[in-house]
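Student: Next come a sequence and a model predicted from it.
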Amino acid sequence: MDRYAGYTYAIASFLMLLVMVVSIDAIHSTELEWDIRVENLKANWLVAATIWRLEFICAIALGWASFHFAKNESSWYLVGIAHIIMAGLYAVMLGGYPQVMSEEGYRILYYVGQWIFAVSNFLWVFGMAFVISRFSGWFKYTGTILASVLSLAFLGIFLEILTFEDLAYAMPLLVLMYIFNGLVGVKNIRSPRDPEQDVEGELDTSP
């Protein structure tokens with residue numbers, strides 16, 4: 001069962017990464033006025049809705065796999081809870097944006113979505129910092145530092161120190177985080193055991 005959860009976590013992570021990279025310019029136009037954003041969104045609704053449905057499925061899959069891993073490592077509960085909260089974001093986007101008729105309505109949906117996004121992603125990367133810290137070698141140190149930096153960025157958005165637009169500067173780090181996320185899933189396929197018993201050879205073939 002660990003291997004199935006590993007496959008699920010790895011595939012969902014890499015699919016989420018692919019969808020995010022492909023769609024970033026297509027549906028995220030935060031520099032435009034609200035009515036132009038909504039008009040563009042409605043004009044490309046089939047694409048946007050398909051992307052968000054795929055992301056929703058990935059979030060549920062990641063949540064399920066995380067709760068499975070949590071049986072052996074409690075840090076995974078943070079990751080699982082994060083993805084359940086994240087799934088709620090797509091209810092806002094899929095159910096709310098097509099019905100927007102005013103700037104006030106748009107702003108309500110936007111800031112509710114931003115809050116869900118910040119909280120869910122903070123819990124995700126914060127939890128992954130603990131998960132990755134139990135591995136070894138460069139994977140442990142690089143992944144833990146990456147997750148910690150992103151934790152501060154999402155916490156900044158939650159505390160309104162940073163804005164959602166500021167996150168654009170951290171997008172390369174978020175892409176790397178999803179790669180690490182997928183690799184954690186791969187490691188659970190190859191070695192479904194306690195990471196403390198793992199050796200660096202899982203990634204660099206050291207004995």
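Tutor: Yep, it's here. Numbers count the residues shown, from 1 in each chain.

Student: Only C-alpha atoms from now on, for both contacts and neighbour counts.
Tutor: OK.

Student: Tell me where the model's unsure across this structure.
Tutor: Low-confidence segments of the chain, defined by pLDDT under 70: 1, 23-32, 191-207.

Student: Look up phi and psi at the spatially most central residue of the chain.
Tutor: With distances taken as CA atoms, centre = their mean, the residue of the chain nearest its centroid is Asn121 (5.7 Å). Note on Asn121: backbone dihedrals following degrees, to the nearest 10 are phi -70, psi -30.

Student: can you tell me how far it sits from Gln99?
Tutor: Distance, Asn121 to Gln99, by CA to CA, to the nearest Å: 26 Å.

Student: Repeat that for Ile36.
Tutor: Applying CA to CA to Ile36 and Gln99 gives a distance of 15 Å.

Student: tell me the SS of Arg53?
Tutor: Secondary structure, DSSP: H, G, I helix; E, B strand; the rest coil: Arg53 is helix.

Student: Compute the number of surrounding residues for it.
Tutor: 15 (other CA atoms under 10 Å).

Student: check contacts around it.
Tutor: Tyr90 (CA atoms under 8 Å, 6 or more residues apart in numbering).

Student: Can you give me the buried ones in stretch 44-62?
Tutor: Residues of stretch 44-62 classed as buried: 45, 48-49, 51-52, 54-56, 58-62 (neighbour count, 16 or more other CA atoms under 10 Å).
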